[in-house]
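[1] Structural data only, the sequence is not supplied:
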């Protein structure tokens, strides 16, 4: 079986399995009085500078971000999280298989 076919087989098996891995996703909701600093907190988490001239948020604001190694990045469009998640499980399986072969 070729390397590409082996990876495809393993990927499909992973999608069909009961394997588990950390999702690395969570939802945060900031609630509070107007002008309390909720939007400023979100901007700070995203590494954006504080701005005294920013307008109050009217209604609600939704931001989708990716957090890796304590660094948050705002995404422009919703991300496909399922594929990287399955790929991470697949890589863990491949590492386990390599470790078994080395024994």
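    Great, that's in hand. All figures in this text were calculated on a predicted structure; none of them were measured in a lab. Numbering: from 1, shown residues only.

[2] from the chain's centre, how far out does the longest helix along the chain sit?
    The longest helix of the chain (DSSP state H) is helix 82-102. Remark: helix 82-102 is offset 18 Å from the chain centroid, using Cα atoms, centre = their mean, to the nearest Å.

[3] got the buried residues for that helix?
    85, 86, 88, 89, 90, 93 (16 or more other Cβ atoms under 10 Å). Any C-beta I mention is one placed from the backbone N, CA and C, and that applies to glycine too.

[4] Same check on stretch 44-62?
    Neighbour-count burial for stretch 44-62 [16+ other Cβ under 10 Å]: residue 45.

[5] Pull up the distance across it, start to finish.
    Its start and end residues considered, stretch 44-62 measures 15 Å (Cα to Cα, to the nearest Å).

[6] what's in contact with that stretch?
    Stretch 44-62 is contacted by residues 34-35, 38-40, 42-43, 63, 65, 71-74 when judged by Cβ atoms under 8 Å, 6 or more residues apart in numbering.

[7] what's the answer for stretch 87-101, then?
    Contacts for stretch 87-101 (Cβ under 8 Å, 6+ apart): 7, 10, 11, 14, 17, 19, 20, 21.

[8] Please apply the same query to stretch 12-26.
    So stretch 12-26 is contacted by 67, 68, 81, 85, 86, 88, 89, 90, 92, 93 (Cβ under 8 Å, 6+ apart).
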